[in-house]
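Colleague: what's the 3D shape of this:
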Amino acid sequence: QVQLVESGGGLVQAGGSLRLSCAASGRTFSRYAMGWFRQAPGKEREFVAGISRTSITTYYADSVKGRFTISRDNAKNTGYLQMNSLKPEDTAVYYCAVDSDGGYIPPRSAPGYEYWGQGTQVTVSS
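Modeller: I've put the predicted structure just below:
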């Protein structure tokens, strides 16, 4: 069992930045790939970014590529999502998740992840 707690969300103006954190407890965080997803009202949950257990492999959705950066600090059992140049369309609840399949290739869809946090709201005003 892995428990995940997101933090760092909030209200920001378009063009601004936020850094989300995902604190993990329970099983060894370094054994898992980690992903960030988001869900806007009335829309399906969508993949944002993923990182392998060793940080060698990262994936990004096209909509955030070049603006968001995923990272992790296994010594601190924490993952991060640095979000720059935020747009109103980035407004959503952001969730972190960890996989259950070895962690070397981060899945790019929700079914690939086993444990989820409760989410943190990000609101970008225009």
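
Colleague: what mean pLDDT does whichever strand or helix holds residue 124 get?
Modeller: If you go by DSSP states H and E, residue 124 is part of strand 120-125. Mean pLDDT, taken over the full extent of strand 120-125, equals 98.

Colleague: list the buried residues of that strand.
Modeller: 120, 122, 124 (16 or more other Cβ atoms under 10 Å). In this view, the C-beta of every residue, glycine as well, is placed from N, C-alpha and C.

Colleague: which element is the spatially most central residue of the chain on?
Modeller: With distances taken as Cα atoms, centre = their mean, the chain has residue 36 as the residue nearest its mean C-alpha position (2.2 Å). Using DSSP H and E, the element containing residue 36 is strand 34-39.

Colleague: who does the following helix or strand past that strand pair up with?
Modeller: As assigned by DSSP H and E, the chain's next helix or strand after strand 34-39 is strand 46-51. Partners of strand 46-51 in the sheet, by DSSP bridges, are strand 34-39 (antiparallel), strand 58-60 (antiparallel).

Colleague: CSV for these, including mean pLDDT and distance to residue 112?
Modeller: Formatted as CSV, the strands paired with strand 46-51 follow (pLDDT from 0 to 100; distance: least, Cβ to Cβ, whole Å):
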stretch, mean pLDDT, distance to residue 112
strand 34-39, 98, 8
strand 58-60, 97, 11
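
Colleague: hmm, residue 124 is touching residue 94, no?
Modeller: No: counting by Cβ atoms under 8 Å, residue 124 does not reach residue 94; the two are 11.6 Å apart.

Colleague: test of understanding: give the bridge partners of the residue nearest to the centre of the chain.
Modeller: Under the criterion used (DSSP bridges), residue 36 bridges to residue 49, residue 96.
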